[in-house]
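Chemist: No letters, just coordinates:
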């Protein structure tokens, strides 16, 4: 019974992490309709920035996290202005090829600079170990992830639903032409959103080094997970991807624990079935855009 | 001239053998005699070319974007490996056809999943199927050998006459012969009314349906045919390297394949063949510069190709040959790569 709760807890933490990693992709892929397979590369960048700061320069872990965000966001905005924006109107095939190219480059570049072995980020003593909560073992690190990611999610929802920027973004996504006619600077909104998504991915990458493992092949290994979150979750709001990542996290942890023989088989099957059943995602709008 | 006769006339004109094509195949055969020390890498190019031809059939002609074409390659590879390893069918050619048919069956079954939905769903589903097969192959390691792969495959002589030799000479001619035969078949397919209807579907599925083309049935058919080709390519891989390992399903294989086709251009069959040659040469060059990090340069090539634009790039490449051609045959003889894989 307790193992059930521990698994559930781990699954939720995992899912929250996936959401932070993938929600930038939910915007680029779901809202801006750009197939960015290189999203994981930004997460990896954040992870490595944090690792270098904490392990080599001796910064505290909690100072490394914001810098992972800022670093990835900066790289994101530079790439968006320099490369990505030329491809918004291209075919999906071009976008796929372009972002695969970026993934290959990032994998080889990180391998060259940082080596191919797995990197660990030193976490503070206070986050190690477990808390015993009514007989259920709860990892402190995972608890922290749930808190941070929960706050981020709530913040994102508020920003999207309540602020001026949020309504600008929604307008720009719904109809870029009409939005720019109303005086909204659409490219700027997209660039900012893209950078913010990359930053979140970087933060997620830094947080996930402990759980998912950080090595140069991170973008390839987890690409499918990010895509699952977005395609299964749909693109109408961020609630869809959020629920999808929770489902994926819990399903993956439970699958690995209870039916280890089947491994990732469960996740892929579920994804294919859902996509066949509802091509625009579980929580998506019915019409494909 | 009526519209129908007009279409027929142009279709037949396109289907005729161009002298350039004949020259291409003579060159391919000449390579076998010019570089006798490089059979292994040339065999690799031929296999890759066949695999790329398979993707061209669905991407260039039917407009289906697939990120998991390695699924069929892997299915063919394991099928050929298992047939040879357990001595079920020892004759390579029959085993080859059986492996192709196995991949085709897989393609037929999965095509129902793929034809549904838009580009993005297709990307995800094809990718998912390849990953699924990889996970399965890893799980059932008692059959597939797991991460070690199938080892100790012994190939019987081809048709009972030609035994595979150490230098890969027989393997190369075998692969080249298979490629040529399948190329002829593909050429026949794409220039048939069936192939023309596929192009109509690629250009506009809705309009194609409106003029009475059974869109889904055609897509299923071509998807299964492409799976057959990929399965044959995979089986050739196993037969000529005598090895089948998990990486036959890998995502990198599908991604590299896309690059091959993008280098060569889609929708005129030779794209995959030319792309395979160029890709392998690039890979050789990059590996001699930086042995471990050649992927970086491959990625850079992809990014540059997309940013420059595929059509513009192909125009640049054809600029010099066209200049020469114009001297002899006037403006009409210009080589043009038909582009039309935009969904």
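Modeler: It's in. For clarity, every value in this text was computed on a predicted model and none was experimentally measured. Residues are numbered from 1 along each chain as shown, chains lettered A, B, ... in the order given.
Chemist: Below-threshold pLDDT in chain B: ranges please.
Modeler: Chain B contains residues with pLDDT under 70 at B:1, B:329-343.
Chemist: In it, which helix is the longest?
Modeler: Identified as the longest helix of chain B according to DSSP state H is helix B:215-241.
Chemist: Which elements pack onto whichever helix or strand comes after that one?
Modeler: Toward the C-terminus, helix B:215-241 is succeeded by helix B:251-264 as the next helix or strand (DSSP states H and E). On a contact count with 3 or more CB pairs under 8 Å, 6 or more residues apart in numbering or on different chains; DSSP states H and E, helix B:251-264 meets helix A:92-114, helix A:218-233, helix B:39-56, helix B:70-85, helix B:119-139, helix B:270-289, helix B:294-308. Glycine gets a C-beta too; all of them are placed from N, C-alpha and C.
Chemist: Residue B:101 reaches residue B:227, doesn't it?
Modeler: No. At 9.8 Å, residue B:101 and residue B:227 do not qualify as touching, with contact defined as CB atoms under 8 Å.
Chemist: between those two, who's got more neighbours?
Modeler: Between residue B:101 and residue B:227, counted using other CB atoms under 10 Å in any protein chain shown, residue B:227 has the larger neighbour count: 31 against 16.
Chemist: show me the contacts for the more buried one.
Modeler: By CB atoms under 8 Å, 6 or more residues apart in numbering or on different chains, the contact set of residue B:227 is B:54, B:72, B:75, B:103-104, B:106-108, B:110-111.
Chemist: at 6 Å instead, please
Modeler: B:72, B:103-104, B:107 (CB atoms under 6 Å, 6 or more residues apart in numbering or on different chains).
Chemist: Any idea how many residues pack against the nearest residue to it once chain neighbours are set aside?
Modeler: Residue nearest to residue B:227 in three dimensions, not counting chain neighbours: residue B:107, with 2.3 Å by CB to CB, 6 or more residues apart in numbering or on different chains. Residue B:107 has 28 neighbours, counted by other CB under 10 Å.
Chemist: what's the helix or strand for residue B:107?
Modeler: helix B:92-114.
Chemist: Within range of chain A, give me the residues from the stretch 201-343 of chain B.
Modeler: Residues of the stretch 201-343 of chain B lying near chain A by CB under 6 Å from any CB of the partner chain: B:255, B:258, B:262, B:293, B:295-296, B:298-300, B:302-303, B:306, B:342-343.
Chemist: Export the residues you listed to JSON lines and append columns for neighbour count.
Modeler: As requested, these are exported to JSON lines (neighbours: other CB atoms under 10 Å in any protein chain shown):
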{"residue": "B:255", "neighbour count": "25"}
{"residue": "B:258", "neighbour count": "23"}
{"residue": "B:262", "neighbour count": "24"}
{"residue": "B:293", "neighbour count": "18"}
{"residue": "B:295", "neighbour count": "23"}
{"residue": "B:296", "neighbour count": "21"}
{"residue": "B:298", "neighbour count": "23"}
{"residue": "B:299", "neighbour count": "24"}
{"residue": "B:300", "neighbour count": "16"}
{"residue": "B:302", "neighbour count": "26"}
{"residue": "B:303", "neighbour count": "20"}
{"residue": "B:306", "neighbour count": "25"}
{"residue": "B:342", "neighbour count": "14"}
{"residue": "B:343", "neighbour count": "13"}
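Chemist: quick one: which of those residues is nearest to residue B:212?
Modeler: residue B:343 (22.2 Å; CB to CB).
Chemist: what does chain A have sitting close to chain B?
Modeler: A:91-94, A:97-98, A:100-101, A:104-105, A:108-109, A:112, A:227, A:231, A:263-265, A:268, A:271-272, A:275-276, A:279, A:288.
Chemist: can we see that at 7 Å?
Modeler: By CB under 7 Å from any CB of the partner chain, the residues of chain A that approach chain B are A:35, A:83, A:86, A:91-94, A:96-98, A:100-105, A:107-109, A:111-112, A:220, A:224, A:227, A:231, A:261, A:263-265, A:268-269, A:271-272, A:275-276, A:279, A:288.
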